[in-house]
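>>> Provided below are the primary sequence and the corresponding predicted coordinates.
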Amino acid sequence: MLLTKYDPFKDLKEFENRFTDVFKLGSEDTLSSFVPAVNTREGEYAYHVEVDLPGVKKEDIHIDISENNVLTISGERKTKSEVDQKEYYKFESSYGKFTRSFTLPSNADVENITANSEDAVLEVVIPKVKEEKSASRKISVK
């Protein structure tokens, strides 16, 4: 009598392999789109947005503010020349257009936003509107 070992996950593994082959997860066969990493933080006087943009020229970066206080950073990371992936053993670099949008809080001073690009990192500084502190006082009831 011949016994065969039963693997309850065999069908699932085969399905996963077929799925991976069909969709080629990763950037093996095509240039993948470029999605820059973003760090955001709040300081005492301003909000800071830092965007990692290696290989992106300053003239290829666009920053817009919409009427409803949405900050949009867009641009394109271009290849140095036409890339023929057949010439590469492995190609992991990503290129393409990108867009990142952020809804700004109501106390953002959109008129005084500044941006600076240094060492492949774009820093956008959004100052906070200076809040007028009203002096506390008592109100008498009549």
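Great, that's in hand.
>>> Assign residue 137 to helix, strand or coil.
Using DSSP: H, G, I helix; E, B strand; the rest coil, the structure places residue 137 in coil.
>>> List the backbone torsions phi and psi for it.
phi -150, psi 160 (degrees, to the nearest 10).
>>> what does residue 58 give?
Backbone torsions for residue 58, taken as degrees, to the nearest 10, come to phi -60, psi -40.
>>> go on, residue 95?
Phi and psi for residue 95, reported as degrees, to the nearest 10, are phi -140, psi 160.
>>> That one touches residue 80, doesn't it?
No - here residue 95 does not reach residue 80: they are 9.6 Å apart, not a contact under CB atoms under 8 Å. Where C-beta positions appear, they are placed from N, C-alpha and C, glycine not excepted.
>>> quick one, which of these two is more surrounded?
Remark: of residue 95 and residue 80, residue 95 carries more neighbours, 18 against 8, as counted by other CB atoms under 10 Å.
>>> pLDDT at that one, what is it?
pLDDT for residue 95: 84.
>>> what about it, distance to residue 106?
Residue 95 is 37 Å from residue 106, where distance means CB to CB, to the nearest Å.
>>> and what of residue 128?
Distance of residue 128 to residue 106, computed by CB to CB: 10 Å.
>>> More neighbours: which of these two?
Using other CB under 10 Å as the criterion, residue 128 and residue 106 rank with residue 128 on top: 16 against 6.
>>> which residue sits closest to that one, ignoring its sequence neighbours?
Among residues not flanking residue 128 along the chain, residue 107 sits closest, at 5.1 Å (CB to CB, 6 or more residues apart in numbering).
>>> Pretty sure that neighbour sits against residue 126.
No - in terms of CB under 8 Å, residue 107 does not count as a neighbour of residue 126; the distance is 9.7 Å.
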